[in-house]
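In: next input, structure requested:
(one chain, ligands or ions: 1)
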Amino acid sequence: MSIITVSDKAFEMATTVLVIGGGACGCCAALAVREAGGEVMVLERDDLPRGSTSLSGGQIPAGGTALQRAAGVEDSGDLLAHDLIVKAKHQNDEAMARHIAAQSARTVDWLVESHGVPLSSQQAFRYPGHSAQHMHATPQKSGAELLVCLHNAVAAAAIDVVLSAHVTDLFARDDGRVVGVRVCRPDGSVEEIGCEALILACNGYGGNPKMLQRYIPEIAQAHYHGHVGNQGDAVNWGLELGASVSDMGSFQGYGAVITPVMIHLAWACITEGGIQVNTSGQRFSHENTGYSEQALNVIGQPDGVAWTIFDQRGQDIAMELVYHREALEMGAIRQVDTIAQIADIVGCDTATLAATMADVAAMGRGEKDDPFGRDFTTKPTLVAPYYVAKVTGALFHTQGGLDVDLEGRVLREDGTALANLFAGGGAARGLSGPSDWGYLSGSGLMMATTLGRLAGTAAAAMTAD
Ligand SMILES: Cc1cc2nc3c(=O)[nH]c(=O)nc-3n(C[C@H](O)[C@H](O)[C@H](O)COP(=O)(O)OP(=O)(O)OC[C@H]3O[C@@H](n4cnc5c(N)ncnc54)[C@H](O)[C@@H]3O)c2cc1C
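Out: Residues are numbered from 1 along each chain as shown. This next block holds a predicted model:
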(Lines give C-alpha, C1' and ligand atoms only; values in the text may rest on other atoms or scores of the structure.)
Protein backbone atom coordinates (compact mmCIF):
# COMPACT_ATOMS: atom_id res chain seq x y z
CA MET A 1 0.00 0.00 0.00
CA SER A 2 1.72 3.14 -1.04
CA ILE A 3 1.73 6.34 -2.99
CA ILE A 4 3.67 6.19 -6.25
CA THR A 5 4.84 9.65 -7.20
CA VAL A 6 4.58 10.39 -10.91
CA SER A 7 5.07 13.56 -12.91
CA ASP A 8 3.29 12.62 -16.08
CA LYS A 9 1.55 9.30 -16.43
CA ALA A 10 -0.71 7.99 -19.16
CA PHE A 11 -3.41 5.42 -18.32
CA GLU A 12 -4.93 2.99 -20.79
CA MET A 13 -8.15 3.08 -18.82
CA ALA A 14 -9.54 6.16 -17.08
CA THR A 15 -12.69 7.60 -15.59
CA THR A 16 -13.55 10.96 -14.08
CA VAL A 17 -14.35 10.04 -10.46
CA LEU A 18 -13.06 6.84 -8.89
CA VAL A 19 -14.58 5.51 -5.68
CA ILE A 20 -12.65 2.95 -3.61
CA GLY A 21 -15.07 0.76 -1.63
CA GLY A 22 -18.50 -0.62 -2.38
CA GLY A 23 -20.18 -0.16 1.02
CA ALA A 24 -22.83 2.41 1.93
CA CYS A 25 -20.43 5.31 1.52
CA GLY A 26 -19.14 4.20 -1.87
CA CYS A 27 -22.65 3.54 -3.20
CA CYS A 28 -24.00 6.91 -2.03
CA ALA A 29 -20.96 8.74 -3.37
CA ALA A 30 -21.28 7.06 -6.76
CA LEU A 31 -25.03 7.76 -6.96
CA ALA A 32 -24.40 11.43 -6.19
CA VAL A 33 -21.70 11.72 -8.86
CA ARG A 34 -23.96 10.14 -11.45
CA GLU A 35 -26.91 12.31 -10.44
CA ALA A 36 -24.74 15.39 -11.02
CA GLY A 37 -23.99 14.07 -14.50
CA GLY A 38 -20.47 12.85 -13.73
CA GLU A 39 -18.68 9.72 -14.89
CA VAL A 40 -17.89 7.38 -12.02
CA MET A 41 -16.54 3.90 -11.29
CA VAL A 42 -16.55 1.96 -8.01
CA LEU A 43 -13.66 -0.40 -7.17
CA GLU A 44 -14.41 -3.06 -4.56
CA ARG A 45 -11.87 -5.61 -3.31
CA ASP A 46 -14.43 -8.36 -2.58
CA ASP A 47 -16.00 -10.60 -5.22
CA LEU A 48 -19.36 -9.75 -3.66
CA PRO A 49 -19.75 -6.36 -1.99
CA ARG A 50 -20.15 -6.88 1.73
CA GLY A 51 -18.26 -4.36 3.82
CA SER A 52 -19.23 -3.49 7.35
CA THR A 53 -22.42 -2.10 5.85
CA SER A 54 -23.73 -5.59 5.15
CA LEU A 55 -22.73 -6.84 8.61
CA SER A 56 -24.48 -3.93 10.29
CA GLY A 57 -27.93 -3.57 11.79
CA GLY A 58 -28.75 -1.29 8.86
CA GLN A 59 -30.20 1.46 11.07
CA ILE A 60 -29.68 4.93 9.60
CA PRO A 61 -30.42 7.90 11.85
CA ALA A 62 -31.77 11.13 10.38
CA GLY A 63 -33.64 14.12 11.72
CA GLY A 64 -36.75 15.45 10.00
CA THR A 65 -37.35 13.03 7.11
CA ALA A 66 -40.57 12.77 5.09
CA LEU A 67 -40.93 9.26 6.54
CA GLN A 68 -40.78 10.60 10.09
CA ARG A 69 -43.33 13.32 9.33
CA ALA A 70 -45.70 10.75 7.81
CA ALA A 71 -45.29 8.59 10.92
CA GLY A 72 -45.93 11.54 13.25
CA VAL A 73 -42.37 11.58 14.62
CA GLU A 74 -41.24 15.04 15.66
CA ASP A 75 -37.56 15.35 14.83
CA SER A 76 -35.10 17.74 13.23
CA GLY A 77 -31.49 18.06 12.20
CA ASP A 78 -30.98 20.32 15.22
CA LEU A 79 -32.24 17.68 17.63
CA LEU A 80 -30.07 15.00 16.06
CA ALA A 81 -27.04 17.32 16.16
CA HIS A 82 -27.74 17.99 19.83
CA ASP A 83 -27.79 14.24 20.54
CA LEU A 84 -24.53 13.70 18.64
CA ILE A 85 -22.76 16.52 20.44
CA VAL A 86 -24.04 15.63 23.92
CA LYS A 87 -23.13 11.93 23.50
CA ALA A 88 -19.59 12.95 22.54
CA LYS A 89 -19.46 15.39 25.50
CA HIS A 90 -18.72 18.27 23.10
CA GLN A 91 -15.43 16.63 22.17
CA ASN A 92 -16.31 15.87 18.55
CA ASP A 93 -16.17 18.20 15.55
CA GLU A 94 -19.36 20.10 16.32
CA ALA A 95 -19.52 21.89 12.96
CA MET A 96 -19.34 18.54 11.20
CA ALA A 97 -21.92 16.98 13.54
CA ARG A 98 -24.33 19.86 12.85
CA HIS A 99 -23.76 19.70 9.12
CA ILE A 100 -24.18 15.92 8.82
CA ALA A 101 -27.26 15.98 11.05
CA ALA A 102 -28.76 18.84 9.02
CA GLN A 103 -28.13 16.93 5.77
CA SER A 104 -29.23 13.54 7.09
CA ALA A 105 -32.94 13.93 6.30
CA ARG A 106 -32.15 14.93 2.74
CA THR A 107 -30.02 11.80 2.36
CA VAL A 108 -32.77 9.47 3.59
CA ASP A 109 -35.43 11.24 1.47
CA TRP A 110 -33.11 11.00 -1.54
CA LEU A 111 -32.43 7.29 -1.01
CA VAL A 112 -36.17 6.61 -0.76
CA GLU A 113 -37.54 8.96 -3.39
CA SER A 114 -34.78 8.99 -6.02
CA HIS A 115 -33.32 5.52 -5.56
CA GLY A 116 -36.15 3.33 -4.31
CA VAL A 117 -34.42 2.20 -1.11
CA PRO A 118 -37.37 0.87 0.95
CA LEU A 119 -36.59 2.58 4.26
CA SER A 120 -39.13 3.25 6.97
CA SER A 121 -39.08 5.21 10.22
CA GLN A 122 -38.34 2.88 13.16
CA GLN A 123 -40.64 3.23 16.15
CA ALA A 124 -40.16 0.09 18.24
CA PHE A 125 -37.65 1.43 20.76
CA ARG A 126 -35.25 4.26 21.33
CA TYR A 127 -31.47 3.83 21.39
CA PRO A 128 -29.43 5.31 24.26
CA GLY A 129 -28.94 9.05 23.76
CA HIS A 130 -31.64 9.41 21.08
CA SER A 131 -34.15 12.07 22.09
CA ALA A 132 -36.41 11.18 19.14
CA GLN A 133 -37.03 8.12 16.96
CA HIS A 134 -34.12 8.94 14.63
CA MET A 135 -33.68 5.50 13.03
CA HIS A 136 -34.62 4.35 9.52
CA ALA A 137 -34.22 0.83 8.16
CA THR A 138 -35.26 -1.50 5.34
CA PRO A 139 -38.00 -4.12 5.95
CA GLN A 140 -35.67 -6.83 7.29
CA LYS A 141 -33.80 -4.27 9.40
CA SER A 142 -30.47 -5.63 8.27
CA GLY A 143 -27.38 -4.11 6.77
CA ALA A 144 -27.19 -6.96 4.26
CA GLU A 145 -30.56 -5.97 2.83
CA LEU A 146 -29.60 -2.29 2.89
CA LEU A 147 -26.45 -2.95 0.89
CA VAL A 148 -28.35 -5.03 -1.70
CA CYS A 149 -30.81 -2.14 -2.09
CA LEU A 150 -27.97 0.36 -2.50
CA HIS A 151 -26.27 -1.82 -5.11
CA ASN A 152 -29.57 -2.24 -6.94
CA ALA A 153 -29.78 1.56 -7.09
CA VAL A 154 -26.19 1.76 -8.33
CA ALA A 155 -26.95 -0.82 -11.02
CA ALA A 156 -30.14 1.04 -12.03
CA ALA A 157 -28.04 4.18 -12.47
CA ALA A 158 -25.74 2.19 -14.81
CA ILE A 159 -22.68 2.84 -12.64
CA ASP A 160 -19.72 0.54 -13.21
CA VAL A 161 -18.81 -1.46 -10.10
CA VAL A 162 -15.63 -3.46 -10.57
CA LEU A 163 -15.49 -6.38 -8.13
CA SER A 164 -12.40 -8.32 -7.02
CA ALA A 165 -10.56 -5.06 -7.57
CA HIS A 166 -8.17 -4.53 -4.68
CA VAL A 167 -6.64 -1.07 -4.88
CA THR A 168 -3.07 -1.39 -3.66
CA ASP A 169 -1.46 1.92 -4.61
CA LEU A 170 -2.33 5.45 -5.64
CA PHE A 171 -0.47 7.42 -8.31
CA ALA A 172 -0.03 11.05 -7.32
CA ARG A 173 1.95 14.09 -8.39
CA ASP A 174 4.37 15.57 -5.90
CA ASP A 175 1.81 18.30 -5.04
CA GLY A 176 -0.51 15.52 -3.77
CA ARG A 177 -2.93 15.48 -6.75
CA VAL A 178 -4.07 11.88 -7.32
CA VAL A 179 -4.02 10.87 -10.97
CA GLY A 180 -4.93 7.20 -10.75
CA VAL A 181 -4.79 3.92 -8.88
CA ARG A 182 -3.21 0.49 -9.20
CA VAL A 183 -5.56 -2.46 -8.83
CA CYS A 184 -4.54 -6.01 -8.01
CA ARG A 185 -6.78 -8.82 -9.31
CA PRO A 186 -7.21 -12.24 -7.64
CA ASP A 187 -5.03 -13.93 -10.31
CA GLY A 188 -2.19 -11.55 -9.47
CA SER A 189 -2.61 -9.38 -12.54
CA VAL A 190 -2.39 -5.63 -12.15
CA GLU A 191 -4.43 -2.86 -13.76
CA GLU A 192 -3.96 0.89 -13.66
CA ILE A 193 -6.89 3.27 -13.86
CA GLY A 194 -6.65 7.05 -14.20
CA CYS A 195 -9.02 9.54 -12.55
CA GLU A 196 -9.58 13.24 -12.02
CA ALA A 197 -10.88 12.85 -8.46
CA LEU A 198 -10.73 10.03 -5.94
CA ILE A 199 -13.21 9.24 -3.17
CA LEU A 200 -11.92 7.02 -0.36
CA ALA A 201 -14.91 4.96 0.83
CA CYS A 202 -12.85 2.03 2.12
CA ASN A 203 -13.69 2.44 5.82
CA GLY A 204 -11.28 2.40 8.77
CA TYR A 205 -8.63 0.13 10.30
CA GLY A 206 -10.68 -2.35 12.34
CA GLY A 207 -9.34 -5.24 10.24
CA ASN A 208 -5.70 -4.27 10.76
CA PRO A 209 -4.32 -5.67 14.06
CA LYS A 210 -1.10 -3.64 13.80
CA MET A 211 -2.97 -0.36 13.45
CA LEU A 212 -5.30 -1.33 16.30
CA GLN A 213 -2.32 -2.10 18.51
CA ARG A 214 -0.77 1.23 17.61
CA TYR A 215 -3.83 3.46 17.92
CA ILE A 216 -6.35 1.65 20.18
CA PRO A 217 -4.43 -0.96 22.20
CA GLU A 218 -7.27 -1.38 24.72
CA ILE A 219 -9.50 -3.02 22.10
CA ALA A 220 -6.82 -4.64 19.91
CA GLN A 221 -7.26 -8.12 21.43
CA ALA A 222 -11.06 -8.06 21.31
CA HIS A 223 -13.18 -9.80 18.69
CA TYR A 224 -13.54 -7.56 15.60
CA HIS A 225 -17.09 -7.80 14.32
CA GLY A 226 -16.68 -5.61 11.25
CA HIS A 227 -15.40 -6.35 7.75
CA VAL A 228 -11.83 -7.71 7.74
CA GLY A 229 -11.10 -6.08 4.38
CA ASN A 230 -11.06 -2.69 6.10
CA GLN A 231 -7.31 -2.45 6.56
CA GLY A 232 -6.81 1.26 7.11
CA ASP A 233 -5.78 1.95 3.51
CA ALA A 234 -7.53 5.33 3.43
CA VAL A 235 -5.71 6.57 6.52
CA ASN A 236 -2.34 5.28 5.34
CA TRP A 237 -2.65 6.74 1.84
CA GLY A 238 -3.89 10.02 3.28
CA LEU A 239 -1.00 10.26 5.74
CA GLU A 240 1.49 9.64 2.93
CA LEU A 241 -0.12 12.40 0.91
CA GLY A 242 0.21 14.85 3.80
CA ALA A 243 -3.35 14.62 5.17
CA SER A 244 -4.13 15.04 8.85
CA VAL A 245 -6.01 12.49 10.93
CA SER A 246 -7.92 12.88 14.21
CA ASP A 247 -9.41 10.83 17.03
CA MET A 248 -7.34 7.79 16.04
CA GLY A 249 -7.92 6.25 19.48
CA SER A 250 -11.68 6.37 19.05
CA PHE A 251 -13.86 3.37 18.29
CA GLN A 252 -17.36 1.96 18.38
CA GLY A 253 -17.55 -1.10 20.53
CA TYR A 254 -20.53 -3.29 21.33
CA GLY A 255 -21.20 -4.80 24.72
CA ALA A 256 -23.36 -7.72 23.65
CA VAL A 257 -22.00 -10.01 20.94
CA ILE A 258 -23.36 -13.47 21.68
CA THR A 259 -20.56 -15.95 22.19
CA PRO A 260 -19.51 -18.36 20.80
CA VAL A 261 -21.83 -17.84 17.78
CA MET A 262 -20.71 -14.22 17.40
CA ILE A 263 -24.05 -12.66 16.51
CA HIS A 264 -24.82 -9.30 18.00
CA LEU A 265 -27.71 -9.19 20.42
CA ALA A 266 -30.27 -6.47 19.67
CA TRP A 267 -29.80 -3.58 22.07
CA ALA A 268 -33.56 -3.41 22.71
CA CYS A 269 -32.93 -6.30 25.11
CA ILE A 270 -31.11 -3.78 27.31
CA THR A 271 -33.15 -0.63 26.65
CA GLU A 272 -36.35 -2.42 27.70
CA GLY A 273 -35.01 -3.11 31.19
CA GLY A 274 -32.56 -5.95 30.52
CA ILE A 275 -29.42 -6.26 32.63
CA GLN A 276 -26.00 -7.84 32.41
CA VAL A 277 -24.39 -9.96 35.12
CA ASN A 278 -20.93 -11.48 35.37
CA THR A 279 -19.97 -15.07 36.20
CA SER A 280 -20.74 -14.33 39.88
CA GLY A 281 -24.31 -13.29 39.04
CA GLN A 282 -23.63 -9.64 39.86
CA ARG A 283 -24.20 -6.50 37.83
CA PHE A 284 -21.07 -4.47 37.11
CA SER A 285 -22.15 -1.32 35.21
CA HIS A 286 -24.90 1.00 34.00
CA GLU A 287 -25.73 -1.20 31.01
CA ASN A 288 -27.62 1.42 29.05
CA THR A 289 -25.21 4.35 28.89
CA GLY A 290 -24.34 3.23 25.38
CA TYR A 291 -23.56 -0.05 23.68
CA SER A 292 -20.17 1.21 22.58
CA GLU A 293 -18.67 1.89 26.01
CA GLN A 294 -20.30 -1.29 27.35
CA ALA A 295 -17.82 -3.37 25.29
CA LEU A 296 -14.86 -2.65 27.58
CA ASN A 297 -17.08 -3.05 30.66
CA VAL A 298 -17.91 -6.60 29.56
CA ILE A 299 -14.37 -7.41 28.47
CA GLY A 300 -13.19 -6.30 31.92
CA GLN A 301 -15.23 -9.05 33.63
CA PRO A 302 -13.84 -12.51 34.49
CA ASP A 303 -13.25 -14.47 31.25
CA GLY A 304 -14.29 -11.32 29.33
CA VAL A 305 -17.94 -12.38 29.28
CA ALA A 306 -21.32 -11.46 30.75
CA TRP A 307 -24.87 -12.76 30.57
CA THR A 308 -27.59 -10.50 29.24
CA ILE A 309 -30.91 -11.18 30.96
CA PHE A 310 -34.10 -9.72 29.50
CA ASP A 311 -37.78 -10.51 29.20
CA GLN A 312 -40.57 -10.72 26.67
CA ARG A 313 -40.72 -6.97 26.01
CA GLY A 314 -37.13 -6.84 24.79
CA GLN A 315 -37.52 -10.16 23.05
CA ASP A 316 -40.62 -9.06 21.07
CA ILE A 317 -38.85 -5.97 19.73
CA ALA A 318 -35.61 -7.82 19.03
CA MET A 319 -37.46 -10.54 17.10
CA GLU A 320 -38.05 -7.99 14.33
CA LEU A 321 -34.32 -8.22 13.60
CA VAL A 322 -33.16 -11.01 11.37
CA TYR A 323 -29.89 -11.63 13.23
CA HIS A 324 -31.69 -11.93 16.57
CA ARG A 325 -34.01 -14.58 15.11
CA GLU A 326 -30.95 -16.44 13.81
CA ALA A 327 -29.36 -16.43 17.26
CA LEU A 328 -32.57 -17.75 18.80
CA GLU A 329 -32.82 -20.53 16.20
CA MET A 330 -29.23 -21.53 16.97
CA GLY A 331 -30.07 -21.87 20.65
CA ALA A 332 -27.70 -19.03 21.55
CA ILE A 333 -30.54 -17.22 23.33
CA ARG A 334 -32.24 -19.41 25.94
CA GLN A 335 -35.74 -18.96 27.36
CA VAL A 336 -36.28 -19.99 31.01
CA ASP A 337 -38.92 -19.52 33.70
CA THR A 338 -37.01 -19.14 36.95
CA ILE A 339 -34.03 -17.30 38.38
CA ALA A 340 -32.61 -20.68 39.45
CA GLN A 341 -32.55 -21.75 35.78
CA ILE A 342 -30.72 -18.55 34.83
CA ALA A 343 -28.21 -19.20 37.61
CA ASP A 344 -27.69 -22.70 36.20
CA ILE A 345 -26.89 -21.25 32.77
CA VAL A 346 -24.57 -18.60 34.21
CA GLY A 347 -22.99 -21.14 36.57
CA CYS A 348 -23.41 -18.82 39.56
CA ASP A 349 -24.93 -19.04 42.99
CA THR A 350 -28.76 -18.80 42.78
CA ALA A 351 -29.00 -16.69 45.94
CA THR A 352 -26.54 -14.10 44.56
CA LEU A 353 -28.42 -13.82 41.27
CA ALA A 354 -31.77 -13.67 43.08
CA ALA A 355 -30.41 -10.80 45.18
CA THR A 356 -29.24 -9.01 42.01
CA MET A 357 -32.67 -9.41 40.42
CA ALA A 358 -34.44 -8.32 43.63
CA ASP A 359 -32.24 -5.21 43.78
CA VAL A 360 -33.12 -4.34 40.18
CA ALA A 361 -36.83 -4.80 40.96
CA ALA A 362 -36.49 -2.52 44.01
CA MET A 363 -34.74 0.10 41.87
CA GLY A 364 -37.60 -0.20 39.38
CA ARG A 365 -40.07 0.58 42.18
CA GLY A 366 -37.95 3.57 43.14
CA GLU A 367 -37.05 2.08 46.53
CA LYS A 368 -33.31 2.05 45.88
CA ASP A 369 -30.77 3.95 43.80
CA ASP A 370 -28.61 2.07 41.36
CA PRO A 371 -24.95 2.34 42.46
CA PHE A 372 -24.07 2.51 38.74
CA GLY A 373 -26.51 5.36 38.12
CA ARG A 374 -29.12 3.66 35.92
CA ASP A 375 -32.77 4.69 36.26
CA PHE A 376 -34.87 1.51 36.29
CA THR A 377 -38.13 3.31 37.05
CA THR A 378 -38.89 4.06 33.38
CA LYS A 379 -39.45 0.38 32.44
CA PRO A 380 -41.47 -2.40 34.05
CA THR A 381 -39.66 -4.93 36.25
CA LEU A 382 -38.26 -8.00 34.47
CA VAL A 383 -40.71 -10.90 34.68
CA ALA A 384 -40.67 -14.54 33.55
CA PRO A 385 -40.24 -15.93 31.02
CA TYR A 386 -36.66 -14.69 31.02
CA TYR A 387 -34.24 -14.76 28.09
CA VAL A 388 -30.51 -15.27 28.62
CA ALA A 389 -27.55 -14.92 26.27
CA LYS A 390 -23.83 -15.21 27.00
CA VAL A 391 -22.09 -12.21 25.47
CA THR A 392 -18.71 -10.62 25.06
CA GLY A 393 -17.55 -7.15 24.10
CA ALA A 394 -16.38 -6.48 20.55
CA LEU A 395 -14.97 -3.85 18.25
CA PHE A 396 -17.49 -2.84 15.57
CA HIS A 397 -15.60 -0.08 13.80
CA THR A 398 -12.86 2.46 14.27
CA GLN A 399 -13.88 6.09 14.59
CA GLY A 400 -10.63 7.89 13.90
CA GLY A 401 -9.84 8.87 10.36
CA LEU A 402 -8.96 11.48 7.79
CA ASP A 403 -9.88 15.06 8.55
CA VAL A 404 -12.29 16.29 5.91
CA ASP A 405 -14.21 19.49 5.28
CA LEU A 406 -17.99 19.69 5.04
CA GLU A 407 -17.86 18.39 1.44
CA GLY A 408 -15.66 15.43 2.30
CA ARG A 409 -12.43 17.00 0.91
CA VAL A 410 -9.40 15.57 2.69
CA LEU A 411 -7.50 18.22 4.66
CA ARG A 412 -3.86 18.78 5.54
CA GLU A 413 -2.68 19.77 9.05
CA ASP A 414 -2.85 23.45 8.03
CA GLY A 415 -6.53 23.07 7.09
CA THR A 416 -6.02 23.37 3.33
CA ALA A 417 -7.61 20.71 1.16
CA LEU A 418 -5.70 18.21 -0.94
CA ALA A 419 -6.33 18.86 -4.62
CA ASN A 420 -8.79 16.12 -5.55
CA LEU A 421 -9.04 13.64 -2.70
CA PHE A 422 -12.30 13.00 -0.82
CA ALA A 423 -13.22 10.63 2.01
CA GLY A 424 -16.41 9.55 3.71
CA GLY A 425 -17.89 6.91 5.99
CA GLY A 426 -15.41 5.07 8.14
CA ALA A 427 -12.46 6.45 6.16
CA ALA A 428 -13.10 9.90 7.61
CA ARG A 429 -12.93 11.04 11.23
CA GLY A 430 -16.17 10.02 12.93
CA LEU A 431 -18.50 12.02 15.15
CA SER A 432 -17.64 10.21 18.41
CA GLY A 433 -14.86 12.37 19.78
CA PRO A 434 -11.68 10.85 21.19
CA SER A 435 -12.83 7.58 22.77
CA ASP A 436 -15.39 4.76 22.90
CA TRP A 437 -18.06 6.56 24.92
CA GLY A 438 -18.90 9.21 22.32
CA TYR A 439 -20.60 7.01 19.73
CA LEU A 440 -24.28 7.83 19.22
CA SER A 441 -26.08 4.75 17.88
CA GLY A 442 -26.22 4.86 14.12
CA SER A 443 -23.74 7.61 13.42
CA GLY A 444 -21.68 5.13 11.36
CA LEU A 445 -24.20 4.71 8.58
CA MET A 446 -25.16 8.38 8.78
CA MET A 447 -21.53 9.35 8.08
CA ALA A 448 -21.36 6.75 5.33
CA THR A 449 -24.55 7.74 3.52
CA THR A 450 -24.54 11.51 4.05
CA LEU A 451 -20.82 12.22 3.76
CA GLY A 452 -20.73 9.82 0.80
CA ARG A 453 -23.50 11.79 -0.92
CA LEU A 454 -21.84 15.14 -0.16
CA ALA A 455 -18.41 13.95 -1.32
CA GLY A 456 -19.90 12.56 -4.53
CA THR A 457 -21.68 15.84 -5.27
CA ALA A 458 -18.53 17.86 -4.60
CA ALA A 459 -16.29 15.55 -6.64
CA ALA A 460 -18.69 15.78 -9.57
CA ALA A 461 -18.74 19.58 -9.34
CA MET A 462 -14.95 19.74 -9.14
CA THR A 463 -14.48 17.62 -12.24
CA ALA A 464 -17.32 19.08 -14.31
CA ASP A 465 -16.16 20.60 -17.62
C1 LIG B 1 -22.01 -5.57 13.43
C2 LIG B 1 -22.13 -4.12 13.09
C3 LIG B 1 -23.37 -3.49 13.24
C4 LIG B 1 -23.49 -2.14 12.91
N5 LIG B 1 -24.74 -1.58 12.95
C6 LIG B 1 -24.89 -0.28 12.57
C7 LIG B 1 -26.18 0.32 12.51
O8 LIG B 1 -27.22 -0.33 12.72
N9 LIG B 1 -26.26 1.64 12.18
C10 LIG B 1 -25.13 2.36 11.88
O11 LIG B 1 -25.25 3.55 11.59
N12 LIG B 1 -23.92 1.81 11.85
C13 LIG B 1 -23.77 0.50 12.18
N14 LIG B 1 -22.53 -0.07 12.12
C15 LIG B 1 -21.43 0.74 11.56
C16 LIG B 1 -21.57 0.75 10.02
O17 LIG B 1 -21.66 -0.58 9.56
C18 LIG B 1 -20.39 1.46 9.36
O19 LIG B 1 -20.20 2.71 9.96
C20 LIG B 1 -20.65 1.67 7.87
O21 LIG B 1 -21.09 0.48 7.27
C22 LIG B 1 -19.40 2.17 7.17
O23 LIG B 1 -19.68 2.22 5.79
P24 LIG B 1 -18.49 2.38 4.76
O25 LIG B 1 -19.08 2.43 3.40
O26 LIG B 1 -17.61 3.50 5.20
O27 LIG B 1 -17.63 1.05 4.95
P28 LIG B 1 -17.89 -0.48 4.49
O29 LIG B 1 -19.32 -0.80 4.42
O30 LIG B 1 -17.05 -1.33 5.35
O31 LIG B 1 -17.35 -0.49 3.01
C32 LIG B 1 -15.96 -0.35 2.74
C33 LIG B 1 -15.64 -1.22 1.53
O34 LIG B 1 -14.34 -0.90 1.08
C35 LIG B 1 -13.74 -2.09 0.61
N36 LIG B 1 -12.30 -1.88 0.59
C37 LIG B 1 -11.48 -1.69 1.65
N38 LIG B 1 -10.23 -1.49 1.23
C39 LIG B 1 -10.24 -1.57 -0.12
C40 LIG B 1 -9.23 -1.47 -1.13
N41 LIG B 1 -7.94 -1.23 -0.82
N42 LIG B 1 -9.60 -1.63 -2.43
C43 LIG B 1 -10.90 -1.87 -2.76
N44 LIG B 1 -11.88 -1.98 -1.84
C45 LIG B 1 -11.55 -1.83 -0.53
C46 LIG B 1 -14.21 -3.14 1.57
O47 LIG B 1 -14.13 -4.45 1.02
C48 LIG B 1 -15.66 -2.70 1.84
O49 LIG B 1 -16.57 -3.35 0.98
C50 LIG B 1 -22.37 -1.41 12.46
C51 LIG B 1 -21.12 -2.02 12.32
C52 LIG B 1 -21.00 -3.37 12.62
C53 LIG B 1 -19.67 -4.04 12.43
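
In: C-alpha from now on. contacts and neighbour counts both.
Out: OK.

In: strands of the stretch 1-150 of the chain, residue ranges please.
Out: Per DSSP state E, counting those that start in this stretch, the stretch 1-150 of the chain carries strands over the ranges 2-5, 13-14, 17-20, 40-43, 60-61, 120-121, 135-137.

In: make a markdown table out of the ones you listed and add distance to A327 and mean pLDDT.
Out: What follows is those, written out as a markdown table (distance: least, Cα to Cα, whole Å; pLDDT from 0 to 100):
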| stretch | distance to A327 | mean pLDDT |
| --- | --- | --- |
| strand 2-5 | 41 | 95 |
| strand 13-14 | 46 | 96 |
| strand 17-20 | 33 | 98 |
| strand 40-43 | 33 | 98 |
| strand 60-61 | 23 | 98 |
| strand 120-121 | 24 | 98 |
| strand 135-137 | 20 | 97 |
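
In: need those in CSV with distance to S441 and mean neighbour count, can you?
Out: Listed next are the strands of the stretch 1-150 of the chain as CSV, based on distance: least, Cα to Cα, whole Å; neighbours: other Cα atoms under 10 Å:
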stretch, distance to S441, mean neighbour count
strand 2-5, 34, 17
strand 13-14, 39, 14
strand 17-20, 25, 28
strand 40-43, 28, 24
strand 60-61, 8, 28
strand 120-121, 15, 22
strand 135-137, 9, 23
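
In: nearest to D405, out of those strands?
Out: Taking Cα to Cα, strand 17-20 is the member of these nearest to D405, at 17.8 Å.

In: that closest one and the ligand in contact?
Out: Yes. Against the ligand, strand 17-20 shows contacts by Cα under 6 Å from any ligand atom at I20.

In: next one: that strand to chain centre, how far?
Out: Averaging C-alpha positions (Cα atoms, centre = their mean, to the nearest Å) puts strand 17-20 21 Å from its chain's average.

In: quick one: residues in contact with that strand.
Out: 26, 29-30, 33, 38-44, 167, 195-202, 459-460, 463 (Cα atoms under 8 Å, 6 or more residues apart in numbering).

In: who in the stretch 351-465 of the chain is up against the ligand?
Out: Where the stretch 351-465 of the chain comes near the ligand, counting by Cα under 6 Å from any ligand atom, the residues are F396, H397, G425, G426, G442, S443, G444, L445, M446, A448.

In: from these, which land in strands?
Out: F396, H397 (DSSP state E).

In: which of the residues of the stretch 351-465 of the chain next to the ligand are buried, as a PyMOL select command?
Out: Applying 16 or more other Cα atoms under 10 Å to those, the buried members can be selected in PyMOL as follows:
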select buried, resi 396+397+425+426+442+443+444+445+446+448
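
In: tell me the residues of the stretch 151-300 of the chain that contact the ligand?
Out: 165-168, 201-203, 225-227, 229-230, 233.

In: helix or strand: which one has the spatially most distant residue from the centre of the chain?
Out: Residue farthest from the centre of the chain, counting by Cα atoms, centre = their mean, is A351 at 39.5 Å. Here A351 sits within helix 350-364, counting by DSSP states H and E.

In: okay, domains of the chain per the record?
Out: 2-249+400-463, 251-395 (automatic domain parsing).

In: give me the three-state assignment for V154.
Out: helix (DSSP: H, G, I helix; E, B strand; the rest coil).

In: walking through the stretch 101-250 of the chain, point out its helices one by one.
Out: Under the criterion DSSP state H, counting those that start in this stretch, the stretch 101-250 of the chain carries helices at the ranges 143-156, 209-215, 233-240.

In: those helices into JSON lines, with extra columns for mean neighbour count and mean pLDDT?
Out: Shown next, in JSON lines, are the helices of the stretch 101-250 of the chain (neighbours: other Cα atoms under 10 Å; pLDDT from 0 to 100):
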{"stretch": "helix 143-156", "mean neighbour count": "20", "mean pLDDT": "98"}
{"stretch": "helix 209-215", "mean neighbour count": "16", "mean pLDDT": "98"}
{"stretch": "helix 233-240", "mean neighbour count": "22", "mean pLDDT": "98"}
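
In: nearest to I333, out of these?
Out: Of the helices of the stretch 101-250 of the chain, nearest to I333 by Cα to Cα is helix 143-156, at 21.4 Å.

In: can you pull out the strands in the stretch 201-350 of the chain?
Out: Under DSSP E, counting those that start in this stretch, the stretch 201-350 of the chain gives strands at 223-224, 245-246, 251-258, 263-264, 275-277, 305-311, 334-336.

In: including mean pLDDT and mean neighbour count, could those go into TSV?
Out: Formatted as TSV, these follow (pLDDT from 0 to 100; neighbours: other Cα atoms under 10 Å):
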stretch	mean pLDDT	mean neighbour count
strand 223-224	97	18
strand 245-246	98	20
strand 251-258	97	28
strand 263-264	93	20
strand 275-277	98	25
strand 305-311	98	26
strand 334-336	97	18
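
In: near the nearest residue to A266 once chain neighbours are set aside, how many other residues are there?
Out: With Cα to Cα, 6 or more residues apart in numbering as the criterion, A266 has its nearest non-adjacent residue at 5.5 Å, and that residue is A318. By the measure other Cα atoms under 10 Å, the count of residues near A318 is 20.

In: go on, A389?
Out: Residues contacting A389 under the criterion other Cα under 10 Å number 26.
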